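Student: Based on what follows, work out the 3D shape:
(chains A and B)
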Protein chains: 2
Amino acid sequence: MTEKGLLIVLSGPSGVGKGTVRQAIFSKGKREFIYSISATTRQSRPGEVDGVDYFFKTRESFEKMIEAEELLEYTQYVGNYYGTPIDYVKKTLESGKDVFLEIEVRGAMQVKERMPEGVFIFLTPPNMDELEARIINRGTDASPIIRQRMEKAIEEIDLMRYYDYAVENDTVENAVNKILAIIQSEHLKVSRLLESKISNEEE
Amino acid sequence: MTEKGLLIVLSGPSGVGKGTVRQAIFSKGKREFIYSISATTRQSRPGEVDGVDYFFKTRESFEKMIEAEELLEYTQYVGNYYGTPIDYVKKTLESGKDVFLEIEVRGAMQVKERMPEGVFIFLTPPNMDELEARIINRGTDASPIIRQRMEKAIEEIDLMRYYDYAVENDTVENAVNKILAIIQSEHLKVSRLLESKISNEEE
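Tutor: Model prediction:
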């Protein structure tokens, strides 16, 4: 039986080290993941290839994709759109390959609405308890910028409860091993095995 | 925060190799598990210690435990009772240690009714597809004994859907690694982390 791939969504507060952990997972290369290619309206840089690094789009065609609900999530950053084409993700999953998304918390919440069957992993800072203590005592002698950052951290950490798993980024190696264990165990879920069995029998 | 331990239930059809896999997990010793001690009415053998190998009970006191619902599961085998005292399991979990139960499928279903929050792992034979094919073609030229065994196998494999995970016992090493990944990832579940947080704050 061909099992459908898993959609793995790695997210967490800004600056927690999502990119480093994702790169380490890919370079370890024990398991084959497809890294989701984003669509963007920004100019391609020298060496970047359309369909490999990004799907490069005009502002007009990107906005058409938004209207047609062809994006799993999207955001604007420094005047440009960035988003995940849902079609590419779905086709990869159907082919039995896992899709890996590394994404900001707001984007992850958009994905959760569209594809709740994904595996949502929240990467936390190494010292959550300490951070919480700092957050609780916030505002007494902090500058406006620090207060603002803390407000954002509170908002982001509050979203953790919508995730399936929380992984502490104490060391990159530990975080990577935990994430690989999560993915391995998700593949062993009876609910997923039976689902793929039923859909194979219907074919 | 002290997290509650996990109740891990390893089960599967007769003869699949549950005991060998369980022993390999314990001898690997990477993670501390408490192996649940059973109560029994059978005579203790030389060298067996009450409260270490078994809780040895009279028939009368075992039947009182059944009536008082003090057993997570129980069965009769060759004229003796065997069962899992619920009190011992609950106390160990409260202390933050994982409890490991290796058990027949019927017993596992009893545990599922009493403690559905457990992690239920179904160990399957290495060649499930082959076994299924044999089961489908059953009865054409098989002897009554083989037919009877196959009926039992069908019944037991049908119960797989009540489990959380299915692990193929292709090699003991593979099965052990998968089970350890499942346990690691179950400890990372946000639902469990938040639950232990709430109960700690209430203390």
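
Student: If you rank every helix and strand of chain A by mean pLDDT, what lands last?
Tutor: Lowest on mean pLDDT, DSSP states H and E among the helices and strands of chain A sits helix A:128-136, with a mean of 63.

Student: Quick check, pLDDT for A:L194.
Tutor: Looking at A:L194, its pLDDT stands at 78.

Student: Around chain B, which positions in chain A sit nearby?
Tutor: A:122, A:160-161, A:163-167, A:178, A:180-182, A:184-186, A:188-190, A:193-194 (Cβ under 8 Å from any Cβ of the partner chain). To be clear about C-beta, it is placed using only N, CA and C from the backbone, and glycine gets the same treatment.

Student: one more time with 7 Å, if that's ok
Tutor: Taking Cβ under 7 Å from any Cβ of the partner chain as the contact definition, chain A meets chain B at A:122, A:160-161, A:163-167, A:178, A:181-182, A:184-185, A:188-190, A:193-194.

Student: May I see the PyMOL selection of the buried members of those residues?
Tutor: Here is the PyMOL selection string for the buried members of the residues of chain A next to chain B, based on 16 or more other Cβ atoms under 10 Å in any protein chain shown:
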select buried, chain A and resi 122+160+163+164+165+166+167+178+181+182+184+185+188+189+190+193
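
Student: Show me the residues of chain A next to chain B that map onto helices.
Tutor: When DSSP state H defines the helices, the subset of the residues of chain A next to chain B inside them is A:178, A:181-182, A:184-185, A:190, A:193-194.

Student: residues near A:I37, how many?
Tutor: By other Cβ atoms under 10 Å in any protein chain shown, 17 other residues sit near A:I37.

Student: what's the answer for A:Q148, then?
Tutor: Residues lying near A:Q148 (other Cβ under 10 Å) number 11.

Student: For it, give its distance to A:G17.
Tutor: The span separating A:Q148 from A:G17 equals 21 Å under the rule Cβ to Cβ, to the nearest Å.

Student: What of A:E102?
Tutor: With Cβ to Cβ as the criterion, A:E102 and A:G17 are 11 Å apart.

Student: Quick one: residues contacting A:E186.
Tutor: A:6, A:119 (Cβ atoms under 7 Å, 6 or more residues apart in numbering or on different chains).

Student: do the same with A:Q23
Tutor: A:Q23 touches nothing, counting by Cβ under 7 Å, 6+ apart.

Student: what does A:F26 give?
Tutor: A:F26 makes contact with A:33, A:35 under the criterion Cβ under 7 Å, 6+ apart.

Student: which sections of chain A are below the confidence cut-off?
Tutor: A:1-2, A:29-31, A:128-142, A:196-203 (pLDDT under 70).

Student: Tell me where it has strands.
Tutor: Assigned by DSSP state E, the strands in chain A fall at A:7-11, A:33-35, A:38-40, A:54-56, A:71-77, A:80-85, A:98-102, A:119-124, A:165-168.

Student: got these as a markdown table, with distance to B:V78 columns?
Tutor: Formatted as a markdown table, the strands of chain A follow (distance: least, Cβ to Cβ, whole Å):
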| stretch | distance to B:V78 |
| --- | --- |
| strand A:7-11 | 49 |
| strand A:33-35 | 51 |
| strand A:38-40 | 64 |
| strand A:54-56 | 67 |
| strand A:71-77 | 58 |
| strand A:80-85 | 60 |
| strand A:98-102 | 48 |
| strand A:119-124 | 45 |
| strand A:165-168 | 44 |
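
Student: quick one, which of these is nearest to B:S44?
Tutor: Nearest to B:S44, of all the strands of chain A, is strand A:165-168, at 44.1 Å by Cβ to Cβ.

Student: quick one: the closest one to chain centroid distance?
Tutor: Offset of strand A:165-168 from its chain centre (Cα atoms, centre = their mean, to the nearest Å): 13 Å.

Student: Measure how far stretch A:90-104 is from the centre of its chain, please.
Tutor: Put simply, stretch A:90-104 sits 10 Å off its chain's centre (Cα atoms, centre = their mean).
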